[in-house]
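Visitor: sequence? don't have it. structure:
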């Protein structure tokens, strides 16, 4: 029987040492999505992140799937210490190779049990809808050598997240499936995308997450959790400290400021 703890301990140690991950030893590496999810849940326990404050979903956008060379989403937990509201100031040197992504996110108003979930059911579970930035960290060498189960175990690049949090805009009246998002750095670097690129509708990602092995490993989704629904652009990798802003008008923008 597969034991997820040795792989989880090694992933935690590599992060603490800021050491890149190439491939886990064959004796402990997960070989399937279920095993990768089990390692991720064990890693969350080691990081005192059970239950998690939320989840990130990666590779929900066509551009992101093409960028990563995958054809299906991958999810990871978010711990309380890594979720910031409105704006954040982070240390550049705390990451190996930091990047930023242009995202939308939700806060759940009710539990979503593990298993099949429709788009109407996902919509009914959402309490708040807002803009966000996922901070990703390229801790990896060759992805083909690493393998998708290990990428899943390690939260798929996740480093932290910033959300615009609660606001007075009634998102129910917005075309959330067709919002234009833009990300820009203070050096003039910019990119943009549209939420329809996220599996056709951003909340299709939430429905997918409910039925995923990742959510099942944590006992399903819980009211109050935040879910990052994916990036409408490929990541912008930072070469030096910068100020980053994401906006999906009319939703309030979010900002990350990086320090050396």
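Guide: Ah, there it is. Just so we're clear, the structure is a prediction, and the values are computed from it rather than from any experiment. Numbers count the residues shown, from 1 in each chain.
Visitor: Quick one: the strands in the stretch 1-150 of the chain, in order.
Guide: Assigned by DSSP state E, counting those that start in this stretch, the strands in the stretch 1-150 of the chain fall at 54-58, 74-78, 83-85, 87-91, 98-108, 126-137.
Visitor: In JSON lines: those strands, plus distance to residue 197, mean pLDDT and mean neighbour count.
Guide: All C-beta spots, glycine's among them, are computed from the backbone N, C-alpha and C. Compiled in JSON lines, those are given as follows (distance: least, Cβ to Cβ, whole Å; pLDDT from 0 to 100; neighbours: other Cβ atoms under 10 Å):
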{"stretch": "strand 54-58", "distance to residue 197": "13", "mean pLDDT": "96", "mean neighbour count": "27"}
{"stretch": "strand 74-78", "distance to residue 197": "17", "mean pLDDT": "95", "mean neighbour count": "25"}
{"stretch": "strand 83-85", "distance to residue 197": "24", "mean pLDDT": "95", "mean neighbour count": "19"}
{"stretch": "strand 87-91", "distance to residue 197": "25", "mean pLDDT": "94", "mean neighbour count": "15"}
{"stretch": "strand 98-108", "distance to residue 197": "11", "mean pLDDT": "97", "mean neighbour count": "25"}
{"stretch": "strand 126-137", "distance to residue 197": "15", "mean pLDDT": "96", "mean neighbour count": "23"}
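Visitor: With distance to residue 10 as new columns, can those strands be given to me in CSV?
Guide: Shown next, in CSV, are the strands of the stretch 1-150 of the chain (distance: least, Cβ to Cβ, whole Å):
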stretch, distance to residue 10
strand 54-58, 21
strand 74-78, 17
strand 83-85, 25
strand 87-91, 24
strand 98-108, 22
strand 126-137, 17
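Visitor: So for residue 9, which of those sits nearest?
Guide: Relative to residue 9, the nearest member of these by Cβ to Cβ is strand 74-78, separated by 16.6 Å.
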